[in-house]
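1. Fold the following and give me the result.
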Amino acid sequence: MITTRLLPLAALVATFAAPAAAVTLSTPLLAGNGQAGIMFDLVAGGQALTVTGGAISLASGTHSIEVYTRAGTVVGNLGSTGWTLITTASGLVGGGVGTQTFFDFADFAMAAGSTTGIYFNALAGSPVNYTNGVAVGAVVASDTNLSIRSGFGRGPAFGSDFSPRDFNGSITYTVGAGAIPEPASWALLLAGFGLTGAVARRRRTAVSA
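-> The predicted model follows:
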C-alpha cells in the first residue's frame, strides 16, 4: 500500500527531472554571399522557449565566433548599444558552402510571442556564409514554436551592414523557459515529500500496534 501511495509523487518527480527534448530549426544552406557576421531576429510562437545553441555555415578553416543577443528586434538597432555578448566560441572548424558547424552557446529564454535579436560575428576574416534575401523580417525558416527572420550581413564588429541577408545555419531550442523549476514548484514538491513521509510513518505505527 505504501508503494502505491508513492506512485503519484514518483510521477511528479519524473516530470521535474525529465529534460525537455531539444528541437533544431535549420535554414536553407544556399550561401551565395558572406561577410564577417550576420544579425537577425528570432520570433517565438505561442510558448516560452529556451535557446541552447545552434550552428552556422562557415568557410573552410578554423574560426572564432562571438554570439550577441538583445531583447527586441535588430531593425533600428545595428549599433552595439543594447547588445550583450553571451559566448565566444573558439576553434570552430568550417566546412565551406552547404555545411554548418554546430556549437553550444549560453542559453537564453524567450517569452511566448517575443522577439530576440541574435548576432554572429567572426573575430577574424569574413568566413560567415549567408544568402541574399527578399526583405528584412521575412521568414527564412519556421516551425510551430520559432521563426528565423531575414536580417543583415555585417562587417567586422558591428561594421558595415548589407541587407536583406538570410542566415545559413540552425537554432536549437527547448520548449519552456528553463529546466529548473520555479521556487514555488520546488516548495510544492518538497511538501509532497513531507506529506508522503508522514503517511508512511503513520501506516508503520498502525501496523506495529
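2. Just checking: what are the partner strands of the helix or strand where Thr172 lies?
-> With secondary structure defined by DSSP states H and E, Thr172 is part of strand 169-175. With DSSP bridges as the test, strand 169-175 is paired with strand 22-26 (antiparallel), strand 49-56 (antiparallel).
3. and among the ones you listed, the most buried is which?
-> strand 49-56 (a mean of 22; mean count of other Cβ atoms under 10 Å). Any C-beta I mention is one placed from the backbone N, CA and C, and that applies to glycine too.
4. How about exporting the helix or strand that comes right after that strand as PDB, limited to the C-alpha atoms?
-> Following strand 49-56 in sequence order, the next helix or strand is strand 61-71 (DSSP H and E). Included here for strand 61-71 are C-alpha records, laid out as PDB according to Å, rounded to 0.1, in the frame of the first residue of the first chain:
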ATOM      1  CA  GLY A  61      39.300  26.700 -41.800                       C
ATOM      2  CA  THR A  62      39.300  27.300 -38.100                       C
ATOM      3  CA  HIS A  63      37.400  30.300 -36.700                       C
ATOM      4  CA  SER A  64      36.300  32.100 -33.600                       C
ATOM      5  CA  ILE A  65      32.800  33.300 -33.400                       C
ATOM      6  CA  GLU A  66      31.100  35.800 -31.000                       C
ATOM      7  CA  VAL A  67      27.400  35.400 -30.200                       C
ATOM      8  CA  TYR A  68      25.500  38.500 -29.100                       C
ATOM      9  CA  THR A  69      21.800  38.800 -28.200                       C
ATOM     10  CA  ARG A  70      19.400  41.700 -27.500                       C
ATOM     11  CA  ALA A  71      15.800  41.900 -26.300                       C
END
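5. contact partners of the very next helix or strand once past strand 61-71?
-> Under the assignment DSSP H and E, the closest C-terminal helix or strand after strand 61-71 is strand 84-94. With contacts defined as Cβ atoms under 8 Å, 6 or more residues apart in numbering, strand 84-94 is touched by 56-70, 101, 103-106, 108, 123, 127.
6. hang on, the earlier thing: got the strands paired with strand 169-175 as a markdown table, with distance to Ala89 columns?
-> A markdown table is the format used below for the strands paired with strand 169-175 (distance: least, Cβ to Cβ, whole Å):
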| stretch | distance to Ala89 |
| --- | --- |
| strand 22-26 | 17 |
| strand 49-56 | 9 |
